[in-house]
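Peer 1: My questions concern the predicted model and sequence given below.
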Amino acid sequence: TNRALILAALASTPSTLRKPLHSRDSALMIAGLKAIGCGIEELANGDLVVTPAKFYGPASVDVGNAGTVMRFAPPLAGLHAGSVEFDGDEAAKRRPMATTIDSLRALGVSVEQPATSAGRLPFTVSSSGSIRGGELEIDASESSQFVSGLLLAAARFEDGLTLTHRGEHLPSMPHIEMTLECLQKRGVDARQTAEATWRVEPGAIAGGRVVIEPDLSNAGPFLAAAMVAGGSVTIAHWPTSTTQVGDHFESILTQMGATVVRDERGLTLSADGRIRGIDIDLSIGGELAPVVAVLAALAETPSRISGIAHLRGHETDRLAALTAEINRAGGNCRETEDGLAIEPSANLHGCDWLSYEDHRMATAGAIMGLRVPGIRVENIGTTAKTMPEFTQLWAELLGASA
């Protein structure tokens, strides 16, 4: 949804976004785009009509703790004459932003910030209203969002952009593939030209009607519920083909003991409550790690999750948070250099499970509570970041009232 909103704001004609995700993150993006002059109207059915931005700054954008807002919106702001201030939640001010800041400066955009917040929020983007583009090298080891944010705006750069990642590793390649697909569907010539190089040609971004896929990462806790409690869960409208990293839940959860069937109803997962451990590299999509880690803590055999060192810079340090909360509940979890090592435990018990203002930590606690009596998730409301209806849907799944 937030990729679609950025492209709609940069398009040559208005767009209608069908079935967008309504959440705190998307609301922050909408408010931010409105602040810099974009017209956005929500229809009665929840669809969004977006009129491309006409900047009238100066403006201020509250990114909350949304990585997509803090990393996708600044390049867009650089395409408008004037200044835009970016700030956010206290947790957001701890998240890495140096790559976005350094990239904009290398492209000739002024970025000013207090010395005390170097490489973090807050900062102010000031521009003449155009970006020449050309060739740029960055280190996106901490997040693929740094790549996506630049690619999304690059068609509006005078010379387009050839972007190369130079770093030890690049996490979450499916998210970059999603970005390229979003651009291509709007008529932009965007492609991967080498293992860590992408090219976006300059040109118009088409408006029109865009249908948003359901958020498959948000489906993870509900699929996990069937694995923990035993039973069956069907997720309707699961796409037959997608670049979403959540699509990997099918193969991951199958390895952990589930049976998965796709048919006209959607995707159905069935399980008997017995969970196998897993040895997996999750560099393709670290956002799946909280679900996998909690299932691993409830598994009958050991697990190792690797390739997710970048989770230390997400909404919270997810590796430290998952280790702390699994162990607080009597589990046996240990941080490794790039992930987690989890052993079975016979000592699981109830406790207060902290959310760290992180929606995926909150849903991880809800999963744990299906097996371990007495788990109390602190601030389950933080799930509103990407899924405001989580508690209602969870209660319905359990046959309870919210």
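Peer 2: That came in fine, so what should we check first? Numbers count the residues shown, from 1 in each chain.

Peer 1: what is the rounded mean pLDDT of stretch 204-218?
Peer 2: Here stretch 204-218 scores 96 as its mean pLDDT.

Peer 1: Check stretch 278-288 too.
Peer 2: 93.

Peer 1: How far does it sit from its chain's centre?
Peer 2: In terms of C-alpha atoms, centre = their mean, to the nearest Å, the centre of stretch 278-288 is set 14 Å apart from its chain centre.

Peer 1: residue ranges with poor pLDDT in the chain?
Peer 2: Applying pLDDT under 70 to the chain flags residues 400-402.

Peer 1: could you pull out the helices for it?
Peer 2: 2-10, 24-35, 67-77, 98-106, 145-154, 173-185, 220-229, 249-255, 289-297, 318-328, 359-369, 390-397 (DSSP state H).

Peer 1: Select, out of those, the one closest to residue 279.
Peer 2: helix 249-255 (9.2 Å; C-beta to C-beta). Placement of C-beta: from N, CA and C, glycine included.

Peer 1: which secondary structure elements does the closest one contact?
Peer 2: Counting contacts by 3 or more C-beta pairs under 8 Å, 6 or more residues apart in numbering; DSSP states H and E, helix 249-255 is packed against helix 220-229, strand 259-263, strand 266-271, helix 289-297.

Peer 1: Name the residues of that helix that come out as buried.
Peer 2: 249, 250, 252, 253 (16 or more other C-beta atoms under 10 Å).

Peer 1: can you dump the C-alpha coordinates of that helix into CSV?
Peer 2: What follows is helix 249-255, C-alpha atoms only, in CSV (Å, rounded to 0.1, in the frame of the first residue of the first chain):
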residue,chain,number,x,y,z
PHE,A,249,5.2,-19.0,4.9
GLU,A,250,3.9,-21.9,2.8
SER,A,251,7.3,-23.6,2.4
ILE,A,252,8.6,-22.6,5.8
LEU,A,253,5.6,-23.8,7.8
THR,A,254,5.5,-27.0,5.7
GLN,A,255,9.1,-27.7,6.8
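
Peer 1: Now for residue 178: which residues touch it?
Peer 2: By C-beta atoms under 8 Å, 6 or more residues apart in numbering, residue 178 lies in contact with 3, 148, 243, 244.

Peer 1: Please report how far the nearest residue to residue 283 once chain neighbours are set aside lies from residue 105.
Peer 2: Closest residue in space to residue 283, ignoring its immediate chain neighbours: residue 307 at 3.1 Å, by C-beta to C-beta, 6 or more residues apart in numbering. Using C-beta to C-beta, to the nearest Å, residue 307 is found at 30 Å from residue 105.

Peer 1: Mind checking which of the two has more residues around it?
Peer 2: Neighbours per residue, other C-beta atoms under 10 Å: of residue 307 and residue 105, the larger number sits with residue 307, 19 against 11.

Peer 1: Do I have it right that the more buried one meets residue 281?
Peer 2: Yes. Between residue 307 and residue 281 a contact is recorded at 4.1 Å, counting by C-beta atoms under 8 Å.

Peer 1: For residue 16, which non-adjacent residue is closest in space?
Peer 2: Closest to residue 16 by C-beta to C-beta, 6+ apart is residue 209, at 5.0 Å.

Peer 1: Assess the claim that the one you found and residue 19 are in contact.
Peer 2: No. The pair residue 209 / residue 19 is not scored as a contact, 11.1 Å apart, by C-beta under 8 Å.

Peer 1: The two - which one has more neighbours?
Peer 2: Neighbours around residue 209 and residue 19, counted as other C-beta under 10 Å, are more numerous at residue 19. The numbers are 16 against 9.

Peer 1: Please list all residues in contact with the closest residue to the more buried one other than its chain neighbours.
Peer 2: In space, and not counting its chain neighbours, residue 19 is closest to residue 212: 5.1 Å by C-beta to C-beta, 6+ apart. Contacts for residue 212 (C-beta under 8 Å, 6+ apart) come out as 1, 4, 17, 18, 19, 20, 21.

Peer 1: ok, now how distant is the fifth one from residue 220?
Peer 2: So that's residue 19. Residue 19 is 19 Å from residue 220, by C-beta to C-beta.

Peer 1: ditto for the fourth one
Peer 2: Distance of residue 18 to residue 220, given as C-beta to C-beta: 24 Å.

Peer 1: Which one's more surrounded, these two?
Peer 2: The neighbour count for residue 18 versus residue 220, taken as other C-beta under 10 Å, is higher for residue 220 (25 against 14).

Peer 1: That one against residue 249, yeah?
Peer 2: Yes. Residue 220 is within contact range of residue 249, at 5.7 Å (criterion: C-beta under 8 Å).

Peer 1: tell me, what's touching these two both at once?
Peer 2: 288, 291.

Peer 1: Just give the closest residue to residue 353, not the sequence neighbours.
Peer 2: residue 365 (3.5 Å).

Peer 1: ok, that neighbour - how many residues close by?
Peer 2: 27.

Peer 1: Ok, residue 279 next?
Peer 2: Going by other C-beta under 10 Å, the residues that sit close to residue 279 add up to 13.
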